[in-house]
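A.B. asks: Fold the following, please.
(one chain, ligands or ions: 1)
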Amino acid sequence: MFEIKTISLKDNRIVNIRLLQQQDAELLYNYLHNLSAESCSRFGPHPFDTESIFNIGNNLLKDDVQRYIALKDEQIIPYMLLKKGTIKADANRYAQRNTFFDETTAFTYAPSVADDYQNSGLGSKMFAVILQYLKQQRCSHIVLWGGVQATNIRAVQFYEKLGFKKIANFWHDNKDNIDMLLNL
Ligand SMILES: CC(C)(COP(=O)(O)OP(=O)(O)OC[C@H]1O[C@@H](n2cnc3c(N)ncnc32)[C@H](O)[C@@H]1OP(=O)(O)O)[C@@H](O)C(=O)NCCC(=O)NCCS
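C.D. replies: Below is the predicted model of the structure:
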C-alpha cells in the first residue's frame with residue numbers, strides 16, 4: 001500500500017502525496033473543471049463529467065489505475081494516473097513497431113498539475129515518489145497514456161528530464177503526437 005509521502009517544491013512549500021479516495025470525488029471534479037483550456041487540451045485520460053468522476057470514486061477498490069493526488073488549501077493540485085498494463089490503442093501502436101509489453105510489469109502514465117503549480121517542481125518530485133513505489137511493484141516500463149502532443153514542448157521536456165525516450169511520432173485527432181517510453 002502506498003503511504004503518504006512529503007515533498008518540497010522549488011519555493012520550499014510542502015506537499016503531501018497520497019492516493020485518491022472515494023470522498024475526494026467532488027474535489028477531483030473541481031480540479032478538472034478548473035484546469036485551463038490549454039491544460040485540458042493536453043490531458044484527457046477519461047471524461048470529466050460528474051457521472052464519470054463519481055464512478056471513479058465509487059470503483060477505486062477494483063480499479064487497475066492508481067490515482068495520486070496532493071491537497072493544498074483543500075484543493076487538489078496534481079492528479080497523476082498510473083494504469084497497470086497498457087491501454088489498447090497504445091499497445092497496438094507499439095505492436096506495429098514490434099514492441100510488446102508484459103502487461104503485468106508495464107504501467108501507463110498520465111500526469112497533470114494545476115495551472116498555478118506548473119513549473120513548480122511538483123510534477124518531477126511527485127513522479128520520483130511514484131517511481132519508487134512502482135519499482136516495488138516490479139515495474140519494467142512506463143508508457144505515456146496516448147503519447148504526448150508534439151506541440152506540448154514543456155511536457156516533452158519534462159518527460160525527457162525524467163528519463164523517457166522518444167520512440168516514434170504518430171498522427172491522432174488531427175495532431176502530431178509522440179510515443180515516449182521509460183525503460184527501467
Ligand atoms: C507536464 C506537467 C505534468 C509537468 O508538471 P510540472 O509540475 O509543471 O513539472 P516540473 O515543474 O517538475 O518540471 C517542468 C519542466 O518542464 C520543462 N519546461 C518548463 N518550461 C518549459 C519551456 N518553456 N520550454 C521547454 N521546457 C520547459 C523543464 O524541463 C522543467 O523542468 P526544470 O524546471 O527542472 O527545468 C504539467 O506542466 C502539466 O500538467 N501540464 C498540463 C497538462 C499536460 O500537459 N499533461 C501531460 C499530458 S501528455
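
A.B. asks: what's the nearest residue to residue 29 if we skip its chain neighbours?
C.D. replies: In this structure, residue 29 finds its nearest non-sequential neighbour in residue 53, 4.8 Å apart by CB to CB, 6 or more residues apart in numbering. For the C-beta atoms, the positions are set from N, CA and C on the backbone; glycine is no exception.

A.B. asks: helices and strands around whichever strand or helix holds the one you found, which ones?
C.D. replies: Element membership for residue 53 (DSSP states H and E) is helix 50-58. On a contact count with 3 or more CB pairs under 8 Å, 6 or more residues apart in numbering; DSSP states H and E, helix 50-58 meets helix 25-34.

A.B. asks: where's the helix it packs on relative to the chain centroid, distance-wise?
C.D. replies: In terms of CA atoms, centre = their mean, to the nearest Å, the centre of helix 25-34 is found 16 Å from the chain centre.

A.B. asks: Export only the CA atoms of it, formatted as CSV.
C.D. replies: Written as CSV, here are the backbone C-alpha positions of helix 25-34 (Å, rounded to 0.1, in the frame of the first residue of the first chain):
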residue,chain,number,x,y,z
ALA,A,25,-14.7,12.9,-5.9
GLU,A,26,-16.0,16.4,-5.6
LEU,A,27,-12.5,17.8,-5.2
LEU,A,28,-11.4,15.9,-8.3
TYR,A,29,-14.4,17.3,-10.2
ASN,A,30,-13.4,20.8,-9.2
TYR,A,31,-9.8,20.2,-10.0
LEU,A,32,-10.5,19.0,-13.5
HIS,A,33,-13.0,21.8,-14.2
ASN,A,34,-10.6,24.5,-13.0
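
A.B. asks: ok, it near the ligand or not?
C.D. replies: No - using CB under 6 Å from any ligand atom, we find that helix 25-34 stays clear of the ligand, coming within 11.1 Å at best.

A.B. asks: for that helix, packing partners?
C.D. replies: helix 50-58, strand 65-72, strand 75-84.

A.B. asks: May I see the buried residues of the next helix-or-strand element following that helix?
C.D. replies: Counting by DSSP H and E, the next helix or strand C-terminal to helix 25-34 is helix 37-42. Residues 39, 42 are the ones in helix 37-42 that count as buried (16 or more other CB atoms under 10 Å).

A.B. asks: does helix 37-42 come close to the ligand?
C.D. replies: Yes - judged by CB under 6 Å from any ligand atom, helix 37-42 comes into contact with the ligand through 39, 42.
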